[in-house]
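Student: Here is my input, please return the structure:
(chains A and B)
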Number of protein chains: 2
Amino acid sequence: MPHHEFALIDWIRHRVANHARLTLGIGDDTAVLRFPEPADCLITVDMLMEGVHFTLAGASLERIGRKALGVNLSDIAAMAGQPLAAVVAVALPRHGGWEIGQRLHAGLQSMADEFGVALAGGDTNTWDGPLVISVTVLGEATGSGAVRRGGAQVGDWVFVTGSLGGSLTGRHLDFTPRVAEALALQRAVTLHSMIDISDGLIADLGHILEESHVGAVLDSAAIPISPAAASLRDSRSPFDHALADGEDFELLFTVPPSDGQRLIASPPFATPITRIGEIVPGGVCLLRAADGTLAPPQVSGWKHGFDG
Amino acid sequence: MPHHEFALIDWIRHRVANHARLTLGIGDDTAVLRFPEPADCLITVDMLMEGVHFTLAGASLERIGRKALGVNLSDIAAMAGQPLAAVVAVALPRHGGWEIGQRLHAGLQSMADEFGVALAGGDTNTWDGPLVISVTVLGEATGSGAVRRGGAQVGDWVFVTGSLGGSLTGRHLDFTPRVAEALALQRAVTLHSMIDISDGLIADLGHILEESHVGAVLDSAAIPISPAAASLRDSRSPFDHALADGEDFELLFTVPPSDGQRLIASPPFATPITRIGEIVPGGVCLLRAADGTLAPPQVSGWKHGFDG
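Tutor: Numbers count the residues shown, from 1 in each chain, chains lettered A, B, ... in the order given. Below you'll find the predicted structure:
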């Protein structure tokens, strides 16, 4: 490892706070995270690439650092887990790598501090390519267990937190992972299934339906459209943005009707919760219009991933 | 996430074997790894970048996949830990991404199978840039605890497994992480400190000395030079290659003299173990020549990491 990469690691090492569960942090061959009781350890990784997930012109490095950790915290939230520790691998552009590393770290550290997450280690590299940052987060399921995508049952009510669409106007960088909300939900009700909305409401609901072997009917009028989506002036309606934009990092979950009634009667936190539909037999998702007619959602397809 | 990335993940998902400790694998927001008892969870991450750590012309994708996991298994070995699970984030070149992903997976899977490691999840991306692969491995310390860099004591004997130098001729891609050897060593003796040799013997011994606040004297004649280093015909001697090349992925460790004698008398495995020196007071490393004279090692410096 080149000398300046060691120096950057050393600089970071002296800025990272102690954490009760981290018995060994930056500076050895591995970090050591203590599980004092039998545990279900949650593991998730996300890689952000310059030019794909962000541009250096479009976002500060601190915000990119926050997002790189935040998207993983959102995945831990989707299991109703408690995040514990993160390791960070970066490919830093050779030119300006030192400052880039420091500013990324500042963003990562601020998000880590807000959620009680230990920055436990990493791998620092430089090259002549674009900035790449890969963050792995470890968490822990609560005593009630990790909430999966595959547990939705016919009759469940479908809920989302917050409002949806238009995240590219800024929210995709400046969101609050719904960790506290997910833990509060799991204390309050029986969560049959849950996912965070990263690919878009319809796509992520599709994951729940596929894994649970069920269908869903959503009430079009009930879907909460974000102010950002409502203010967009482009070829797609605010409603379509809410269905398909993605990177909302809100929770999408299903609960038994009695629990759903309870959530509406006494919400367990200030973040809005909206009932948007119910789980039905069959494998498809349908939208119910104001006049009661049912139709499949018309959302734009996915971009092609590979050339060949 | 684009459709073809989902398809690749689905392809991989149906090729990944079950693992006793993995209660939830690919296909949810996080993986779930079960720790049935209180545990010290080991975490390590390494990122390999095309053009920096490998070239597609110089190595098959299968070997790159094996290396990407293997370097992390070597880090787990350095703590005398048992590797359990890996998550893999990749940036695939858009052109040919599907085949690249499949062949990388084949390499990762073969190495994972050899070491009983679960491929637990990942993040698949495509872009117009070079191939980047970031692997995070989780392991578990044994009941004897994780072996750190910082425990070397004055009087300890210094050992290495295998032989050193010349890894660029092939071994840096085709090495066997010393997981079994590390576990056998910990059963056989008291390991005061251990590291794997990735940066080079002198550099990695330097990490042990720095963290342990001790020095070392190495016997020049004792350092095991690999056949690859011995066969190199360039400006540096085979001895210098053994000191500085790095990516040997052998274990460097220190034990009390009585344990050292025992290791030499009855080695716990077939991989060679060589006593190369002893720990002394002070913070420096010295080489002892055949005539008994002491001098600091003359190894080439580090390449510059950043431009500015």
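Student: For the stretch 51-200 of chain A, which segments count as strands?
Tutor: Taking DSSP state E, counting those that start in this stretch to define them, one finds strands in the stretch 51-200 of chain A at A:81-93, A:118-127, A:132-141, A:157-161, A:193-196.
Student: export those strands to CSV and tack on distance to B:Asp248?
Tutor: Quick note: C-beta positions are derived from backbone N, CA and C, even for glycine. Shown next, in CSV, are those (distance: least, C-beta to C-beta, whole Å):
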stretch, distance to B:Asp248
strand A:81-93, 22
strand A:118-127, 18
strand A:132-141, 25
strand A:157-161, 51
strand A:193-196, 42
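Student: Adding distance to chain B and mean pLDDT, write the ones you listed out as CSV.
Tutor: Shown next, in CSV, are those (distance: least, C-beta to the nearest C-beta, whole Å; pLDDT from 0 to 100):
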stretch, distance to chain B, mean pLDDT
strand A:81-93, 4, 97
strand A:118-127, 5, 94
strand A:132-141, 4, 98
strand A:157-161, 15, 98
strand A:193-196, 6, 98
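Student: Out of those strands, which gets nearest to B:Asp156?
Tutor: With C-beta to C-beta, the closest approach to B:Asp156 among those belongs to strand A:118-127: 25.6 Å.
Student: and the residue nearest to A:Ser167 when sequence neighbours are not counted, how many neighbours does it have?
Tutor: What sits nearest to A:Ser167 in space, not counting adjacent residues and going by C-beta to C-beta, 6 or more residues apart in numbering or on different chains, is A:Glu247, at 4.2 Å. By other C-beta atoms under 10 Å in any protein chain shown, 20 other residues sit near A:Glu247.
Student: How much space separates A:Glu247 from A:His53?
Tutor: Using C-beta to C-beta, to the nearest Å, A:Glu247 is found at 9 Å from A:His53.
Student: try A:Leu119
Tutor: Distance from A:Leu119 to A:His53, by C-beta to C-beta: 20 Å.
Student: out of the two, which sits in the busier spot?
Tutor: More crowded of A:Leu119 and A:His53, by other C-beta under 10 Å: A:Leu119, with 27 against 21.
Student: Pairing partners for the more buried one in the sheet, please.
Tutor: A:Leu119 has the following beta-bridge partners by DSSP bridges: A:Ala86.
Student: Would you confirm that A:Thr30 contacts B:Leu73?
Tutor: No - under the criterion of C-beta atoms under 8 Å, A:Thr30 is not in contact with B:Leu73, lying 10.8 Å apart.
Student: Helices of the stretch 51-200 of chain A, start to end?
Tutor: A:61-78, A:97-114, A:179-188 (DSSP state H, counting those that start in this stretch).
Student: For those, give me JSON lines that also has mean neighbour count and mean pLDDT.
Tutor: JSON lines is the format used below for the helices of the stretch 51-200 of chain A (neighbours: other C-beta atoms under 10 Å in any protein chain shown; pLDDT from 0 to 100):
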{"stretch": "helix A:61-78", "mean neighbour count": "26", "mean pLDDT": "97"}
{"stretch": "helix A:97-114", "mean neighbour count": "20", "mean pLDDT": "94"}
{"stretch": "helix A:179-188", "mean neighbour count": "20", "mean pLDDT": "98"}
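Student: Dump those into a markdown table; add distance to chain B as well.
Tutor: Converted to a markdown table, the helices of the stretch 51-200 of chain A look like this (distance: least, C-beta to the nearest C-beta, whole Å):
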| stretch | distance to chain B |
| --- | --- |
| helix A:61-78 | 4 |
| helix A:97-114 | 4 |
| helix A:179-188 | 10 |
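Student: mind checking which of those is nearest A:Glu37?
Tutor: A:Glu37 lies closest, by C-beta to C-beta, to one member of the helices of the stretch 51-200 of chain A: helix A:179-188, at 17.3 Å.
Student: Could you measure from A:Leu108 over to A:Phe115?
Tutor: 11 Å.
Student: To B:Trp98, which of the strands of the stretch 51-200 of chain A lies closest?
Tutor: With C-beta to C-beta, the closest approach to B:Trp98 among the strands of the stretch 51-200 of chain A belongs to strand A:132-141: 20.3 Å.
Student: what is the orientation angle of that closest one with strand B:118-127?
Tutor: 150 degrees (axes from the mean of the first three to the mean of the last three C-alpha atoms, to 10 degrees).
Student: Give me the distance from strand A:132-141 to the chain's centre.
Tutor: 11 Å (C-alpha atoms, centre = their mean, to the nearest Å).
Student: Would you give the sheet partners of it, along with the direction of each?
Tutor: Under the rule (DSSP bridges), strand A:132-141 has strand A:39-49 (antiparallel), strand A:81-93 (antiparallel) as partners.
Student: Quick check: buried residues in that strand?
Tutor: Neighbour counts using 16 or more other C-beta atoms under 10 Å in any protein chain shown place A:132-141 of strand A:132-141 among the buried residues.
Student: same question, stretch A:11-31
Tutor: For stretch A:11-31, burial by neighbour count (16+ other C-beta under 10 Å) applies to A:12, A:16, A:19, A:21-22, A:24-31.
Student: same check, this time on stretch A:269-286
Tutor: Neighbour-count burial for stretch A:269-286 [16+ other C-beta under 10 Å]: A:273-280, A:285-286.
Student: so where's the stretch 151-300 of chain A shaky on pLDDT?
Tutor: A:300 (pLDDT under 70).
Student: Looking at the buried residues of stretch A:269-286, spot the one nearest B:Ser212.
Tutor: When the buried residues of stretch A:269-286 are ranked by distance to B:Ser212 (C-beta to C-beta), A:Ile273 comes first, at 53.8 Å.
Student: Pretty sure that closest one sits against A:Val160.
Tutor: Yes - with contact defined as C-beta under 8 Å, A:Ile273 reaches A:Val160; the gap is 7.5 Å.
Student: Quick check: A:Ile9 is in a strand.
Tutor: No - per DSSP: H, G, I helix; E, B strand; the rest coil, A:Ile9 lies outside any strand segment and is helix.
Student: ok now do it, which residues does it touch?
Tutor: A:26-27, A:122, A:124 (C-beta atoms under 8 Å, 6 or more residues apart in numbering or on different chains).
Student: Out of the residues you listed, which comes closest to B:Val90?
Tutor: Proximity of the contacts of A:Ile9 to B:Val90 (C-beta to C-beta) peaks at A:Gly122, which lies at 17.6 Å.
Student: Next, the buried residues of stretch A:240-259.
Tutor: Buried residues in stretch A:240-259, counted by 16+ other C-beta under 10 Å: A:240-256, A:259.
Student: before we move on, what about stretch A:75-94?
Tutor: Neighbour-count burial for stretch A:75-94, with 16+ other C-beta under 10 Å as criterion, is recorded at A:75-93.
Student: CA-only coordinates of that stretch in CSV, if you can.
Tutor: Taking C-alpha atoms only, stretch A:75-94 is exported to CSV below (Å, rounded to 0.1, in the frame of the first residue of the first chain):
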residue,chain,number,x,y,z
ASP,A,75,-31.4,-1.7,3.9
ILE,A,76,-30.9,-2.5,7.6
ALA,A,77,-34.0,-0.5,8.4
ALA,A,78,-35.9,-2.6,5.9
MET,A,79,-35.2,-5.7,8.0
ALA,A,80,-36.2,-3.8,11.2
GLY,A,81,-32.6,-4.1,12.3
GLN,A,82,-30.2,-2.1,14.4
PRO,A,83,-27.2,-0.9,12.4
LEU,A,84,-23.9,-1.5,14.3
ALA,A,85,-20.8,-1.1,12.1
ALA,A,86,-19.6,-0.2,8.6
VAL,A,87,-16.5,-0.9,6.6
VAL,A,88,-15.6,1.3,3.6
ALA,A,89,-13.6,0.5,0.4
VAL,A,90,-12.8,3.4,-1.9
ALA,A,91,-11.1,3.9,-5.2
LEU,A,92,-9.9,7.5,-5.0
PRO,A,93,-8.9,9.5,-8.0
ARG,A,94,-5.1,10.1,-7.9
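Student: Neighbours of the residue of the stretch 151-300 of chain A found nearest chain B, how many?
Tutor: Taking C-beta to the nearest C-beta, chain B has its nearest neighbour within the stretch 151-300 of chain A at A:Asp199, 5.6 Å off. If you count neighbours by other C-beta under 10 Å, A:Asp199 ends up with 21.
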